[in-house]
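> here are the coordinates; sequence isn't available:
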């Protein structure tokens with residue numbers, strides 16, 4: 001059996017029970033499961049009762065308490081400037097780490113949050129930057145990504161983010177300082193995931209800064225193929241640059257394909273340049289196939305053969 005897990009992101013809408021999901025994952029050749037916040041409390045309890053189910057990793061927030069309170073990866077964010085909100089985000093991450101140690105998972109994947117601005121560049125809502133991002137996406141999808149309007153919109157997006165980035169990165173560091181200590185105690189690897197929008201944390205230089213600042217701790221780099229490809233396509237850090245620069249600190253990878261600016265497709269059904277990235281992905285210790293529930297079921301049986309054909313597993 002190949003050493004690659006299947007994320008429970010595929011579960012929702014495709015199964016009535018976890019037993020069927022685990023059975024199919026095994027029959028397709030997956031060696032383990034990554035748990036996510038898309039599960040219900042009942043789903044989580046059910047999967048833990050299935051014998052010989054290997055939990056390779058957990059995408060925070062995901063624990064009985066996180067699911068009961070319906071926490072999500074970005075709500076509340078670890079980057080919040082509001083201490084009460086940030087404390088809650090830390091609590092959910094710590095709960096996930098403790099849960100990971102109980103079920104034998106190797107790693108916990110975390111989102112670090114995002115930069116928020118108001119119309120004057122001060123603390124505000126992420127929706128202001130999301131609006132600029134969506135305009136950039138529309139121009140890209142219209143084939144106008146080489147034009148002046150696109151360049152101006154991209155510059156506006158960058159400047160808006162830069163105006164508030166330092167405060168939010170500082171808040172992220174305060175959160176991580178607490179989380180990393182607990183991960184060290186439980187010997188759980190902590191993966192900072194590549195994000196798919198420029199207003200999110202960390203971007204390239206921020207990732208480098210965080211990995212250096214927390215050097216020697218369980219904190220490492222978690223690469224997401226679709227996210228890195230998406231930001232590369234709209235003109236920010238090149239996909240391969242993420243991999244070539246952080247490959248030695250990479251503890252895990254989310255594997256999926258991309259069409260245009262939409263990712264989480266079954267590997268081999270989209271436009272990903274597998275030849276260019278294959279060597280880096282193959283060397284990654286924890287591999288997780290993370291595909292959206294809208295994908296065709298029959299394509300799932302082709303994931304392992306495809307990745308083997310590319311030398312990734």
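Noted; the coordinates are in hand. All of these numbers come straight from a predicted model, not from anything done at the bench.
> so residue 14 touches residue 295, yeah?
No. With contact defined as C-beta atoms under 8 Å, residue 14 does not reach residue 295; the gap is 9.0 Å. Using the backbone N, CA and C atoms, a C-beta is placed for each residue, glycine as well.
> mind checking the SS state of residue 39?
Three-state assignment for residue 39 (DSSP: H, G, I helix; E, B strand; the rest coil): coil.
> ok, which stretches of the chain are strands?
5-7, 32-35, 55-59, 107-110, 189-193, 219-224, 250-255, 257-259, 262-265, 286-289 (DSSP state E).
> distance of residue 285 relative to residue 33?
Residue 285 sits 17 Å away from residue 33, going by C-beta to C-beta, to the nearest Å.
> just to revisit the earlier point, and residue 14 and residue 295? which has more neighbours close in?
residue 295 (18 against 14; other C-beta atoms under 10 Å).
> for that one, which non-adjacent residue is closest in space?
In space, and not counting its chain neighbours, residue 295 is closest to residue 266: 4.8 Å by C-beta to C-beta, 6 or more residues apart in numbering.
> what residues are up against residue 71?
Neighbouring residues of residue 71 by C-beta atoms under 8 Å, 6 or more residues apart in numbering: 37, 61, 92.
> could you report the neighbour count for the second one?
Spelled out, that is residue 61. Using other C-beta under 10 Å, residue 61 has 30 neighbouring residues.
> hmm, it is touching residue 37, no?
Yes. With contact defined as C-beta under 8 Å, residue 61 and residue 37 form a contacting pair (5.6 Å).
> overlap of the contact sets of these two?
Common contact partners of residue 61 and residue 37 (C-beta under 8 Å, 6+ apart): 71-73.
> mind showing which ranges of this protein have poor pLDDT?
Scanning the chain for pLDDT under 70 picks out 1-2, 117-127.
> now the helices for it?
Counting by DSSP state H, the segments of the chain that form helices are 18-27, 41-49, 64-68, 83-103, 126-141, 148-186, 204-213, 225-233, 239-246, 274-282, 297-300, 303-309.
> any chance of the ones you listed in JSON lines, plus mean neighbour count and distance to residue 8?
Formatted as JSON lines, the helices of the chain follow (neighbours: other C-beta atoms under 10 Å; distance: least, C-beta to C-beta, whole Å):
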{"stretch": "helix 18-27", "mean neighbour count": "17", "distance to residue 8": "7"}
{"stretch": "helix 41-49", "mean neighbour count": "15", "distance to residue 8": "8"}
{"stretch": "helix 64-68", "mean neighbour count": "17", "distance to residue 8": "11"}
{"stretch": "helix 83-103", "mean neighbour count": "20", "distance to residue 8": "13"}
{"stretch": "helix 126-141", "mean neighbour count": "17", "distance to residue 8": "26"}
{"stretch": "helix 148-186", "mean neighbour count": "17", "distance to residue 8": "21"}
{"stretch": "helix 204-213", "mean neighbour count": "16", "distance to residue 8": "26"}
{"stretch": "helix 225-233", "mean neighbour count": "23", "distance to residue 8": "17"}
{"stretch": "helix 239-246", "mean neighbour count": "18", "distance to residue 8": "25"}
{"stretch": "helix 274-282", "mean neighbour count": "16", "distance to residue 8": "21"}
{"stretch": "helix 297-300", "mean neighbour count": "14", "distance to residue 8": "13"}
{"stretch": "helix 303-309", "mean neighbour count": "18", "distance to residue 8": "15"}
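> contacting residues for the residue most central in space within the chain?
Geometric centre of the chain, nearest residue: residue 193, 4.5 Å, by C-alpha atoms, centre = their mean. Contact analysis of residue 193 by C-beta under 8 Å, 6+ apart lists 109-111, 222-224, 227, 254.
> of those residues, closest to residue 203?
Using C-beta to C-beta, residue 227 is the member of those that lies nearest residue 203, at 11.4 Å.
> distance check, the closest one against residue 288.
Taking C-beta to C-beta, one finds residue 227 at 13 Å from residue 288.
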